[in-house]
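*Asks:* need a structure here:
(one chain, ligands or ions: 1)
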Amino acid sequence: MRIGVLGTGVVGATIAGKLVAVGQEVRMGSRAPGNAKAVAWAEKSGASASQGSFADAAAFAEELVFNCTAGTHSLEALELAGADNLLGKILVDLANPLDFSRGMPPTLTVCNDDSLGERIQRLYPAVRVVKTLNTVNSALMVDPGALPEDHDLFVSGDDPVAKSRVVDALVDWFGWKRERIHDLGDISTSRGTEMLLPLWVRLYAANQSPRFNFRIVKGSAPA
Ligand SMILES: NC(=O)c1ccc[n+]([C@@H]2O[C@H](COP(=O)([O-])OP(=O)(O)OC[C@H]3O[C@@H](n4cnc5c(N)ncnc54)[C@H](OP(=O)(O)O)[C@@H]3O)[C@@H](O)[C@H]2O)c1
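*Replies:* Numbers count the residues shown, from 1 in each chain. Sure, this is the predicted structure:
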């Protein structure tokens, strides 16, 4: 399957690399074709890997586009990708709207009564936005078995069929356990997962490691 990955950072490279490893054809997109990191990734990743602009990567995709851009600039990146190139496709949104301009810890540029996931969905109503993977470190995104115990992931989105397709990809390609993936509901539930990031960055500082995740433990219903 031809898949587009928007983003040349560690997340874009990790997602794109795993997708190629499981047999998909991937085009990595950046603001300008020929981005040094994208070229280096494509050269080392073989015949199924290519690079181009955000628009090239979005147009290349048959069904799935991964948004792995800086959350504070995702709307600019998607504008460059182009609504026509994204039309009807599933946009897997991994981005967090984190503002590092005042140092650590970062702040959220949107929260409480709105989220980046919702902003993207509002701007691109013909795109099926599914928010997921934004609550885990990039290495765990594609290798959840690296932690010694089961741990959890969330999905948010308005289109149940798109969410189901993304969950299949998370299970079949990335190795997540289906029973550990929580469908939170419509795209407004991205507020909750994006607002986990202020906690996530403090756990990161406290642990001095990004190798951790959240685990939901359920009790039985009260009698
Ligand atoms: N790092 C993690 O483990 C982790 C975990 C969960 C979620 N996330 C989220 O994943 C996303 C990617 O993180 P990252 O660390 O891999 O990379 P990043 O440095 O946050 O983002 C890099 C990408 O953002 C694009 N970008 C930067 N400024 C832009 C602008 N003004 N207009 C358009 N595009 C712009 C870059 O374009 P060019 O390619 O043209 O330079 C590049 O492709 C972020 O939203 C982050 O919050 C990260």
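*Asks:* Burial check on the residue in the chain positioned nearest to the ligand, number of neighbours?
*Replies:* Closest residue of the chain to the ligand, Cβ to the nearest ligand atom: residue 9 (2.4 Å). Every C-beta, even on glycine, is put in place using the N, C-alpha and C of the backbone. Residues lying near residue 9 (other Cβ atoms under 10 Å) number 13.
*Asks:* Same question for residue 106.
*Replies:* 18.
*Asks:* Let's test this: what are the backbone torsions at it?
*Replies:* Backbone geometry at residue 106, expressed as degrees, to the nearest 10, gives phi -70, psi 160.
*Asks:* Check whether it really touches residue 72, as I assumed.
*Replies:* No - using Cβ atoms under 8 Å, residue 106 is not in contact with residue 72, being 9.4 Å away.
*Asks:* Give the residues shared as contacts by these two.
*Replies:* Jointly contacting residue 106 and residue 72 under the rule Cβ atoms under 8 Å, 6 or more residues apart in numbering are 98, 99.
*Asks:* I'd assumed residue 201 was in contact with residue 104.
*Replies:* Yes - the criterion here is Cβ under 8 Å, and residue 104 meets it with residue 201 at 7.4 Å.
*Asks:* With neighbour numbers in mind, choose between those two.
*Replies:* More crowded of residue 104 and residue 201, by other Cβ under 10 Å: residue 201, with 16 against 8.
*Asks:* Look at the more buried one and give its secondary structure.
*Replies:* Three-state assignment for residue 201 (DSSP: H, G, I helix; E, B strand; the rest coil): helix.
*Asks:* and it, what pLDDT?
*Replies:* You'll see residue 201 listed with a pLDDT of 98.
*Asks:* Quick check: closest non-adjacent residue to it.
*Replies:* Leaving aside its sequence neighbours, residue 201 sits nearest to residue 105 (Cβ to Cβ, 6 or more residues apart in numbering; 4.7 Å).
*Asks:* Nearest residue to the residue of the chain closest to the ligand in space, ignoring adjacent ones along the chain?
*Replies:* Leaving aside its sequence neighbours, residue 9 sits nearest to residue 68 (Cβ to Cβ, 6+ apart; 6.7 Å).
*Asks:* And the helices in this protein?
*Replies:* Using DSSP state H, the helices of the chain run over 10-21, 36-45, 54-60, 74-81, 83-86, 116-123, 138-141, 160-172, 190-194, 197-207.
*Asks:* Can you lay out the ones you listed as a markdown table showing distance to residue 110?
*Replies:* Formatted as a markdown table, the helices of the chain follow (distance: least, Cβ to Cβ, whole Å):
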| stretch | distance to residue 110 |
| --- | --- |
| helix 10-21 | 19 |
| helix 36-45 | 27 |
| helix 54-60 | 21 |
| helix 74-81 | 10 |
| helix 83-86 | 20 |
| helix 116-123 | 6 |
| helix 138-141 | 22 |
| helix 160-172 | 22 |
| helix 190-194 | 8 |
| helix 197-207 | 12 |
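*Asks:* Since that was my last question, I'll sign off now.
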